[in-house]
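Enquirer: Pasted the sequence and its predicted model underneath.
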Amino acid sequence: MRSERLAAIVRGRDARASVRAAVVLAEEGVGLIEISLTTEDAERVVREVVAEVGDRALIGAGTVVSADDARRAREAGAAWLVTPCPGPGLEAAVGTGLPVLGGALTPGECAAVMASGATAVKLFPASLGGPPHLAALRDPFPAMPIVPVGGVDTGTAAAYLAAGAVGVGVGGPLLGDAPHGGDPGALRERARAFLAVCGRGAGA
């Protein structure tokens, strides 16, 4: 995450479109792609995307809220896992041995996520407090790797990175309607815009 600085979150109502959107992101240079388990036929999407993109991107699975979710995601080929909050899903995700981005919002939740063995904190929903909330968390937790997720657009992405985020996770503002069957060309343009803000890209 420190090197990529951008994780794309695919959450789609159309499995085929979700695969296509993830492949487009990889082609544009997005190196971290999360497939939410709320995506239609999510396990198949993970498997197909892993097969399609090869080593161009590291494919993860998100919205892990139970031990069964963690098991299914790992069996589908996910290389990293994301949870929305502390709880059974986080414990099971950490137990897989894969890198885990654990969801948290408050200082106590952030500390609990890291104590559980998570790799980094997913600050969610980041839009509730914005970049000032992240900046405030940096005071008691200067070394904690934090990744804001939820409502992050190209403008706030830069502000979060300036406030000390190791990277940002972006769903709707980046993916738009592409995972539901929308225009992949428009997705390419948005991906290039986010990669420019985050300092990454196909030629980086």
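Expert: Done, it's in. Predicted model, so just to flag it, every value in this text is computed and none were measured.

Enquirer: Give me the secondary structure label for Val53.
Expert: Using DSSP: H, G, I helix; E, B strand; the rest coil, the structure places Val53 in helix.

Enquirer: so what's it closest to, chain neighbours aside?
Expert: Ala26 (4.0 Å; CB to CB, 6 or more residues apart in numbering). Heads up, the C-betas are built off the backbone N, CA and C, glycines and all.

Enquirer: Which residue ranges of this structure form strands?
Expert: 6-10, 32-36, 58-62, 81-83, 100-104, 120-123, 146-148, 168-170 (DSSP state E).

Enquirer: tell me the mean pLDDT over the third one?
Expert: Translated: strand 58-62. For strand 58-62, mean pLDDT is 98.

Enquirer: Pull out the buried positions in that strand.
Expert: Residues 58-62 are the ones in strand 58-62 that count as buried (16 or more other CB atoms under 10 Å).

Enquirer: low-confidence ranges in the chain?
Expert: Along the chain, the model assigns pLDDT under 70 to residues 200-204.

Enquirer: mind redoing it with 50?
Expert: 201-204 (pLDDT under 50).

Enquirer: in it, which spans are helices?
Expert: 15-28, 42-53, 67-76, 88-95, 107-115, 130-138, 154-162, 172-175, 184-198 (DSSP state H).

Enquirer: Turn those into a markdown table, columns for mean neighbour count and distance to Ile9.
Expert: Output for those, formatted as a markdown table (neighbours: other CB atoms under 10 Å; distance: least, CB to CB, whole Å):
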| stretch | mean neighbour count | distance to Ile9 |
| --- | --- | --- |
| helix 15-28 | 22 | 10 |
| helix 42-53 | 21 | 12 |
| helix 67-76 | 19 | 14 |
| helix 88-95 | 22 | 16 |
| helix 107-115 | 17 | 18 |
| helix 130-138 | 17 | 18 |
| helix 154-162 | 17 | 13 |
| helix 172-175 | 20 | 7 |
| helix 184-198 | 17 | 12 |
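
Enquirer: Let's have those helices in a markdown table, adding distance to Arg5.
Expert: A markdown table is the format used below for the helices of the chain (distance: least, CB to CB, whole Å):
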| stretch | distance to Arg5 |
| --- | --- |
| helix 15-28 | 14 |
| helix 42-53 | 19 |
| helix 67-76 | 23 |
| helix 88-95 | 22 |
| helix 107-115 | 20 |
| helix 130-138 | 14 |
| helix 154-162 | 7 |
| helix 172-175 | 13 |
| helix 184-198 | 4 |
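
Enquirer: Touching stretch 99-107 from outside, list them.
Expert: Contact with stretch 99-107 is made by 1, 7, 60, 79-86, 90, 93-94, 110, 112-114, 116-125, 128-129, 137, 140-141, 147, 149, 169, as judged by CB atoms under 8 Å, 6 or more residues apart in numbering.

Enquirer: can you give me how far it is from the chain middle?
Expert: In terms of CA atoms, centre = their mean, to the nearest Å, the centre of stretch 99-107 is found 12 Å from the chain centre.

Enquirer: May I see the buried residues of that stretch?
Expert: Neighbour counts over stretch 99-107 (16+ other CB under 10 Å) mark 99-105 as buried.
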